[in-house]
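Engineer: what's the 3D shape of this:
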Amino acid sequence: MAGKKVLIVSYYWYPFAGVGTYRISRFVKYLLKSGWDVVILTTKEASSGMKDEPDDPILNQCKVYRSNIIEPTELISSGNKDSSKTSNPSIFYQKDKDWKSKLAVWARLNLMIPDAKFTWKWFAVPMGKKIIKEENPDLILSTSPPPTTNLIAKKLANWSGLPWLADFRDPWTNIYYYDDNPQSPRARKKNNKLEAKTLRAADHITLVNNGFFPEHEEKIADKSTVIPNGFDPDHIIKTERSSSKNNKFTIRYFGSLKANQYPSAFIEALKEIEENHPKKARDMFFEFFGSIDPNIKNEIISAVDSIEVNFQGYIPHDEMMERVQSADLLLLVIGKTKNSIFVLSTKIFEYMTSENPILGIGPLNGSAAQLVQKANIGQFFSHQDSKGIQEYILQLVNEELEISPNQEVINQYDFRYLTHQLEQIMDDLITA
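Structural biologist: Numbering: from 1, shown residues only. Here you go, the predicted structure:
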């Protein structure tokens, strides 16, 4: 049914197209195709680390409002003017911090609550009220992180009486970086209180996976729905498959690789291949695209000699999908956190459409491992199983393994299907 309008509160939006843009932009794309009007409330500038234009002309149909934000980059940058590297969680994992860096981390944890974007609500709420008066939306949708988007949407929903759907791509107080960088009791109490109030106030909650809010599961059970991440069928690039795509057996990784994802078993496996199978090693190539912890990068470089390695920054999504398609093996690493069993990286869904094998590293009982097994798109290994990883790589190099993806399972993660689920929830909220 046409004529419905949603106001979306998102810190990330084009041209600031970091990974935070992908899920919401796919929802927007298919909502527009279904006849919805979409209005975006975002920032004038975001610390995404990458700029890109919308990948589909239909996304230009959105009316986009951009409010001011005071990015506290000077405080948390420790002199580094690249805000894309200082406003994200990598600040917590910098090695050999000087006093200014330590002060920055303390401030981020204990003063910037719920996140480093807390100032945005000062500007976004007044603008949001004007938008609601002018655009007359039927409901509000916020996408988090950063959790500040929820505080903005909550105020706008309270003021307007509009139904509010809160979408969570990651946990809030249970997000991984608090495991290694705990807040002070006072800050933690304040953050927990904000989370509880938000979950209570939202009319409905969508989650990428279970386990985001263990302390509140019973209270939100009747108004929460898991809608996982997925893939956009328009991004699937099919080429003729051949037994040898590349001159060398090419392993590729895309995205960020943070300190808590340290792939020690993978690095050790590469070392062992070099030592025990030098001819095979000379015919291997590891290629990285994205943002990597410098210590991990240095460890990989120093670990191998004859295996060629190459590190590049982020590349446009279309180019990334082409390289996914042409890889011989796709590396996926789930970090070591208390909630890692619930992590479903966006990369899985982009990888799964290529029909190329995935080498997963992470908890064997986790959601990512279960999905890889269910869809029959590769194998998962623990963070300690360097021997298993070595054997798996060599089996693929020797062409002793072939995967047969389960297309029925894969189709469940098509964003057209996922957006239909979201749309049903939105319709119910409007008519309630």
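Engineer: Please make it C-alpha for all contacts and neighbour counts, starting now.
Structural biologist: OK.
Engineer: which residue ranges form the strands in the chain?
Structural biologist: 5-9, 37-43, 63-67, 139-144, 164-168, 204-207, 224-226, 249-257, 284-292, 308-312, 329-333, 358-361, 378-381 (DSSP state E).
Engineer: could I get those as JSON lines with distance to M127?
Structural biologist: Formatted as JSON lines, those follow (distance: least, Cα to Cα, whole Å):
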{"stretch": "strand 5-9", "distance to M127": "11"}
{"stretch": "strand 37-43", "distance to M127": "8"}
{"stretch": "strand 63-67", "distance to M127": "7"}
{"stretch": "strand 139-144", "distance to M127": "14"}
{"stretch": "strand 164-168", "distance to M127": "17"}
{"stretch": "strand 204-207", "distance to M127": "24"}
{"stretch": "strand 224-226", "distance to M127": "28"}
{"stretch": "strand 249-257", "distance to M127": "33"}
{"stretch": "strand 284-292", "distance to M127": "34"}
{"stretch": "strand 308-312", "distance to M127": "39"}
{"stretch": "strand 329-333", "distance to M127": "40"}
{"stretch": "strand 358-361", "distance to M127": "44"}
{"stretch": "strand 378-381", "distance to M127": "47"}
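Engineer: right, so of the ones you listed, which gets closest to E322?
Structural biologist: Closest to E322 of those is strand 249-257 (Cα to Cα; 11.7 Å).
Engineer: Mind giving me the packing neighbours of the closest one?
Structural biologist: strand 284-292, strand 329-333 (3 or more Cα pairs under 8 Å, 6 or more residues apart in numbering; DSSP states H and E).
Engineer: Save the strands of the chain as a markdown table, and put in mean neighbour count, mean pLDDT and distance to D234 too.
Structural biologist: Formatted as a markdown table, these follow (neighbours: other Cα atoms under 10 Å; pLDDT from 0 to 100; distance: least, Cα to Cα, whole Å):
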| stretch | mean neighbour count | mean pLDDT | distance to D234 |
| --- | --- | --- | --- |
| strand 5-9 | 24 | 98 | 23 |
| strand 37-43 | 22 | 97 | 20 |
| strand 63-67 | 16 | 96 | 23 |
| strand 139-144 | 24 | 97 | 23 |
| strand 164-168 | 26 | 98 | 23 |
| strand 204-207 | 22 | 98 | 24 |
| strand 224-226 | 18 | 96 | 23 |
| strand 249-257 | 22 | 93 | 19 |
| strand 284-292 | 19 | 93 | 22 |
| strand 308-312 | 14 | 95 | 25 |
| strand 329-333 | 24 | 97 | 20 |
| strand 358-361 | 24 | 97 | 21 |
| strand 378-381 | 22 | 97 | 23 |
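Engineer: Which of the helices and strands packed on strand 249-257 sits closest to H383?
Structural biologist: Closest to H383 of the helices and strands packed on strand 249-257, according to Cα to Cα: strand 329-333, at 8.9 Å.
Engineer: Which residues does that closest one contact?
Structural biologist: The contact list for strand 329-333, computed with Cα atoms under 8 Å, 6 or more residues apart in numbering, reads 249-253, 257, 261, 263, 324, 347-348, 351, 356-362.
Engineer: how big is the angle separating that strand from strand 249-257?
Structural biologist: 30 degrees (axes from the mean of the first three to the mean of the last three Cα atoms, to 10 degrees).
Engineer: begin at 816 from here
Structural biologist: Sure, I'll start counting at 816 from here, so that last one is strand 1144-1148.
Engineer: Output strand 1144-1148 as CSV, restricted to C-alpha atoms.
Structural biologist: Taking Å, rounded to 0.1, in the frame of the first residue of the first chain, the C-alpha atoms of strand 1144-1148 are listed here in CSV:
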residue,chain,number,x,y,z
LEU,A,1144,39.2,-18.6,-0.3
LEU,A,1145,37.5,-16.0,1.8
LEU,A,1146,38.7,-15.4,5.4
LEU,A,1147,36.2,-14.6,8.2
VAL,A,1148,37.3,-13.9,11.8
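Engineer: what's in contact with stretch 1232-1247?
Structural biologist: 841-842, 845-846, 953-954, 978-980, 1018-1019, 1042-1043, 1045, 1227.
Engineer: er, stretch 977-992 actually
Structural biologist: Residues outside stretch 977-992 that contact it (Cα under 8 Å, 6+ apart) are 904, 907, 953-960, 962, 965, 968-969, 972, 1006-1007, 1010, 1017-1023, 1027-1028, 1152-1154, 1241, 1244-1245.
Engineer: Please apply the same query to stretch 1016-1034.
Structural biologist: 969, 978-987, 989, 1011, 1014, 1035, 1038-1044, 1154, 1157-1159, 1240, 1244.
Engineer: So what would you say the end-to-end distance of it is?
Structural biologist: By Cα to Cα, to the nearest Å, the extent of stretch 1016-1034 from end to end equals 12 Å.
Engineer: same deal with stretch 821-841?
Structural biologist: 15 Å.
Engineer: Domains in this protein, by residue range?
Structural biologist: In terms of domains, the chain is parsed into 820-886+931-1045+1229-1246, 1048-1226 (source: automatic domain parsing).
Engineer: distance between the ends of the shortest one?
Structural biologist: Read it as domain 1048-1226. 9 Å.
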